[in-house]
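Chemist: Quick check, what structure comes out for this input:
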Amino acid sequence: MKKIILATLLIILVGSFLNGCEKDLIPEIINPTPPIVGNDRDEHGCIGSAGYTWCNEKLKCIRTWEEGCARPTESEIIEMAQKAVEENSEYQEIKGYHLEFIELSQLKCIGCYRAEFEFRIPKDENLDEIDVGHITVSFLSWSISEITISHK
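Modeler: The predicted structure follows:
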């Protein structure tokens, strides 16, 4: 009889011990802690879950479907600047024409440039008299950051 009571107590003890261990493990298996979106920065600070990857060429995080990783050439930078000027509403309103590239300057930061242009502005409908305007297109990290138009 003592053996039966002792065996029963042993079974109850072992069962409750194992049962307690299983309860501690079950919540982690059933309800794992979800990862925080945006909390997955890599060694460069790029957030992979937001689609960013590191681009060694541009030395910044990019989304490859928004921009390529290769650095644009100087001629591509000039083309981007010229297109941005031609699409600029202020340039269109003053009826600028004969856009002429003057100079491209690389600034101190990587991917920073300044493109200089001149253009003509009609003073009258017959184009008998014209003024000359000046446009500066600024780039920061290979993207246009500002367009400044000056004219009389």
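Chemist: This protein - how does it break down into domains?
Modeler: Taking automatic domain parsing as the domain assignment, the ranges for the chain are 1-33, 37-70, 74-150.
Chemist: got these as JSON lines, with mean pLDDT and mean neighbour count columns?
Modeler: The way it works is simple: take the backbone N, C-alpha and C, and place the C-beta from them, glycine included. What follows is the domains of the chain, written out as JSON lines (pLDDT from 0 to 100; neighbours: other C-beta atoms under 10 Å):
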{"stretch": "domain 1-33", "mean pLDDT": "59", "mean neighbour count": "9"}
{"stretch": "domain 37-70", "mean pLDDT": "86", "mean neighbour count": "13"}
{"stretch": "domain 74-150", "mean pLDDT": "90", "mean neighbour count": "15"}
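Chemist: Excluding chain neighbours, what is closest to Ser105?
Modeler: Arg114 (4.7 Å; C-beta to C-beta, 6 or more residues apart in numbering).
Chemist: Enumerate every residue touching the residue nearest to Phe119 when sequence neighbours are not counted.
Modeler: Counting by C-beta to C-beta, 6+ apart, Phe119 lies nearest to Gly96, which is 4.3 Å off, once chain neighbours are set aside. Counting by C-beta atoms under 8 Å, 6 or more residues apart in numbering, Gly96 touches Phe119, Arg120, Ile121, Gly133, Ile149, His151.
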